[in-house]
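> Have a look at this fold, sequence not included:
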């Protein structure tokens, strides 16, 4: 059997330990499939002494991450430190400088610096792979880069954050409100103590930017992902959506749109209303799912565990097996010099249907004021439901679904209503996901 | 840019024409992603003169398929002729003899002769790829061979035949019986004029054998796929299943099971009861879906169009792009010499729950006879529903769901009842798919 692929592992949190366990558990099978063994030679983490439940004695301990990248007995550095900049980025650059390959699960780093790193990797033709950065154990980057390689993709979208999906689907099941279900998610380990990155949609935005870059062959553009989280979604929105035939999911959507002669890229993360019959409606709990629409393949769905030590380790080691087989291609589908730049699309041009929820004072004329603003902004209302308030002095909710129309009209209608004393809270707009 | 990958196309039916259209439509994109152009040099089919809606004049027409495989201007033969033996197999062998690569969508040929062909391919280290043979445009063979490469898979199952799934989900929607919906499927082009291969489960069995060989690294063993089709499923079964919380789907299941010290392979295609909340329950129409369960990845789902000229062409050309990139690995995950042989498992050992439907004469004592047989065979009944007959002289149906138990007990119970005049038609057993 050929020489082993020798790896150095930086970061020994749950995923790092998962990678060690996986490589130990399936050692022979991995060697058979990769055509040669995959061996860990060196490890590093912040704290050396900590008990991690795995025996680290077979591996050289390295204190200086930078030195690890330069070791002669290392072919590929596996970066599981995390963080978009700082030590992870320094290590990644050092690995490519030293002509090593890099495998990472670090979505933030790839979203912010993926292009620079792909360019650095190309200098020595070093492998650079990050399947684990998007949708945990689901081989969706491979699916897009290779499985749909013959297709012009038109739209890529999906449920990219397990925490949000858990919270939303639990709200749906229990009827409870956001804060309560977030606390439950934290109790169960599905949400961090500081959940901002997840619930505000930033984590999903990182993943969407990576998917869009690979799927469309564009220079990664995280800065232009328009991101809204799920903190404003109420139990009453979920009930309302249900009565209309929808569930609410945080969906990241990337699509190529024509504006005049230009092709532009629209990237958004938003809570959306998803029709019951759509496959994403059936995705509950911390599961992730990605849909890719190709001109020949049609609609493909990739679904599975979006996080967790074992699924993430599965994706990390799949990348290592590809590298061991000599089958690691361009990280973003085509060489970095061939990546194109699409300017960000104007979201106002989006034509679709929207759910809009107003929180209003319970007094005469409010409905007239709202519907007049809609009329003046050319928004056509398909259905409107006003529910009586739950209790004396409580809010009144007015929910409507628009007919298909340009998003800019809805934006204009809300501008017309901005500052109106009739609105007791900012309205919430959620698009209805097109089939 | 590097030298083109030159292909010869045998078979110009809808898929062959789809491949030509795809290569023409996305020519530049394919070249960018593959690192070099993919060019059709020669084509062949039974009838030369036929109008196929594409211009064949740029390509050399070859009458003798065998000669095509030996042309100096061909790197890869794309076989879209079909049929497990005959011209397709002759061409495949000729291609490997001549040191060419082979890409095929021919599930029957791969199921019957995949091992021999992989061995022939290995002699000259020629690429051999057949993504299009399983589940149309879904890159599931790549998903298993590469995406889950780090995992020991324990079970692979899915909806592998679009015709059956269309018929079953239409029966579900309309309440109509099998024959009527099959005719409708034929009208819509979802079923062949001779639908036997599809509705009797053979097509799904071909695909299952391929999935099992790749997922488990075994020598392909189509002969031991136990296959039942959907012809015995009645509208009343679907209604009954619905009332119990299930839909009926034709599911191919391959799993590794321990029998004593042995590891054995169970491969079956059967109509199954699928719980509403299972992702396969949401798969309707001619869609395919494959679930793979890995020890680290957990449950992964791959879903999309299972047939059709464009999705199938997408998979064929994805294989060609892999070959152009120099990234075609062992067709069955590991070299053929490393493939293992698992003896077929005894299905009687399967422990699970079953739905059993009896068609009985409407007279006293029948229920006692059935339940006594169940008791004598150690089958524990979870629920039993007897519905009155629809009309005077009509059949009476007794449907039951068993508690979890070994399948051999159910088989024994049915043997005890075999030949009983109380049963007016053979009973139908369908397993309940485990989550």
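Now that the structure is in, tell me what you want to look at. Predicted model only: the values in this text are computed from it and were never measured.

> Next, the buried residues of stretch A:201-215.
For stretch A:201-215, the buried set under the neighbour-count rule, 16 or more other C-beta atoms under 10 Å in any protein chain shown, comprises A:201-215. Glycine gets a C-beta too; all of them are placed from N, C-alpha and C.

> give the contact list for the closest residue to chain B within the stretch 301-435 of chain A.
Closest approach between the stretch 301-435 of chain A and chain B, counting by C-beta to the nearest C-beta: residue A:317, at 3.6 Å. For residue A:317, the contacting residues are A:19, A:22-23, A:26, A:30, A:38, B:149-150, B:296, taking C-beta atoms under 8 Å, 6 or more residues apart in numbering or on different chains as the criterion.

> Over to it. Which of the three states is it?
Judged by DSSP: H, G, I helix; E, B strand; the rest coil, the three-state class of residue A:317 is helix.

> quick one: it from residue A:24, how far?
Between residue A:317 and residue A:24 the computed distance is 11 Å (C-beta to C-beta, to the nearest Å).

> Kindly report the same for residue A:128.
According to C-beta to C-beta, residue A:128 stands 25 Å off from residue A:24.

> Compare these two (neighbour count), which wins?
For residue A:128 against residue A:24, the residue with the higher neighbour count under other C-beta atoms under 10 Å in any protein chain shown is residue A:128, and the figures read 26 against 13.

> Hmm, residue A:300 and residue A:291 touching each other?
Yes: at 6.9 Å, residue A:291 counts as touching residue A:300 under the criterion of C-beta atoms under 8 Å.

> between these two, which one's more packed in?
Legend: neighbour count by other C-beta under 10 Å for residue A:291 and residue A:300, higher for residue A:300 (28 against 23).

> so the nearest residue in space to that one that is not next to it in sequence bridges to which residues?
For residue A:300, the nearest residue in space outside its immediate sequence neighbours is residue B:304; the separation is 4.1 Å by C-beta to C-beta, 6 or more residues apart in numbering or on different chains. According to DSSP bridges, the residues that bridge with residue B:304 are residue B:288.

> For residue B:304, report the pLDDT, please.
According to the model's per-residue confidence, residue B:304 sits at a pLDDT of 97.

> Could you pull up the contacting residues of it?
If you count contacts by C-beta under 8 Å, 6+ apart, residue B:304 has them with A:297-301, B:135-138, B:287-289, B:311.

> hmm, try it at 7 Å
By C-beta atoms under 7 Å, 6 or more residues apart in numbering or on different chains, the residues touching residue B:304 are A:297-301, B:136-138, B:287-288, B:311.

> Quickly note the distance from it to residue B:247.
In terms of C-beta to C-beta, residue B:304 sits 19 Å off from residue B:247.

> ditto for residue A:286
Per C-beta to C-beta, residue A:286 is found 25 Å from residue B:247.

> can you pull out the strands in the stretch 301-435 of chain A?
Defined through DSSP state E, counting those that start in this stretch, the strands belonging to the stretch 301-435 of chain A, from first to last, are A:351-352, A:354-360, A:381-387, A:396-402, A:405-406, A:423-431.

> buried ones in the last one?
Read that as strand A:423-431. Buried residues in strand A:423-431, defined by neighbour count with 16+ other C-beta under 10 Å: A:423, A:427-431.

> quick one on the thing from earlier: tell me the least confident of the contacts of residue B:304?
Model confidence across the contacts of residue B:304 bottoms out at residue B:136, which has 92.

> Dihedrals phi and psi, that one?
The phi/psi pair for residue B:136 (degrees, to the nearest 10) reads phi 50, psi -120.

> wait, what's in contact with it?
With contact set as C-beta under 7 Å, 6+ apart, residue B:136 has these partners: B:288, B:304-308, B:311-312, B:315.

> please redo it, this time with the cut-off set to 10 Å
In this structure, residue B:136 makes contact with A:297-298, B:15, B:105, B:160, B:162, B:207, B:286-288, B:304-315, judged by C-beta atoms under 10 Å, 6 or more residues apart in numbering or on different chains.

> who in the stretch 51-200 of chain A is up against chain B?
Applying the criterion C-beta under 10 Å from any C-beta of the partner chain, the portion of the stretch 51-200 of chain A that neighbours chain B consists of A:131, A:136-152.

> swap the cut-off to 8 Å and go again
Counting by C-beta under 8 Å from any C-beta of the partner chain, the residues of the stretch 51-200 of chain A close to chain B are A:131, A:137-139, A:142-143, A:146-152.

> which two from those residues end up farthest apart in space?
Within those, A:137 and A:152 form the most distant pair, 27.6 Å apart (C-beta to C-beta).

> where are the low-confidence patches of chain A?
Judged against pLDDT under 70, the low-scoring parts of chain A cover residues A:1, A:388-393.

> Get me the contact residues on the stretch 251-400 of chain A for chain B.
A:277, A:279, A:282, A:289, A:294-305, A:308, A:310-311, A:313-315, A:317-318, A:320-322, A:325, A:327, A:329, A:333-334, A:338.

> Which among these count as buried?
A:279, A:282, A:289, A:294-305, A:308, A:310-311, A:313-315, A:317-318, A:320-322, A:325, A:327, A:329, A:333-334.

> can you give me the helices in the stretch 251-400 of chain A?
Secondary structure of the stretch 251-400 of chain A (DSSP state H, counting those that start in this stretch): helices located at A:309-324, A:366-376.

> Which one, of those helices, ends up nearest to residue B:83?
Shortest distance between residue B:83 and these, using C-beta to C-beta, is found for helix A:309-324: 34.2 Å.

> Buried residues in stretch A:346-358, which are they?
A:347, A:350, A:352-358.

> what's the span of it, first residue to last?
In stretch A:346-358, first residue to last residue: 25 Å (C-alpha to C-alpha, to the nearest Å).

> Would you mind putting the contacts of residue B:304 into JSON lines with distance to residue B:182 alongside?
Written out in JSON lines, the entries for these read as follows (distance: C-beta to C-beta, whole Å):
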{"residue": "A:297", "distance to residue B:182": "27"}
{"residue": "A:298", "distance to residue B:182": "24"}
{"residue": "A:299", "distance to residue B:182": "26"}
{"residue": "A:300", "distance to residue B:182": "27"}
{"residue": "A:301", "distance to residue B:182": "27"}
{"residue": "B:136", "distance to residue B:182": "20"}
{"residue": "B:137", "distance to residue B:182": "24"}
{"residue": "B:138", "distance to residue B:182": "24"}
{"residue": "B:287", "distance to residue B:182": "18"}
{"residue": "B:288", "distance to residue B:182": "19"}
{"residue": "B:311", "distance to residue B:182": "23"}
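
> from those, which is closest to residue A:409?
Top of the list for closeness to residue A:409, among the contacts of residue B:304 and by C-beta to C-beta, is residue A:299 at 28.5 Å.

> Would you mind measuring the gap between the ends of stretch A:283-292?
Span of stretch A:283-292 from end to end, C-alpha to C-alpha: 16 Å.

> between the buried residues of stretch A:346-358, which is nearest residue B:51?
Within these, distances to residue B:51 taken as C-beta to C-beta reach their minimum at residue A:352, with 40.7 Å.

> Show me what the closest one is bridged to.
With beta bridges defined as DSSP bridges, residue A:352 has these partners: residue A:405.

> Quick check, it in contact with residue A:430.
No: shown here, residue A:352 and residue A:430 do not form a contact pair, counting by C-beta under 8 Å, at 10.8 Å.

> mind listing which of the buried residues of stretch A:201-215 are in strands?
When strands are assigned by DSSP state E, not one member of the buried residues of stretch A:201-215 lies inside them.
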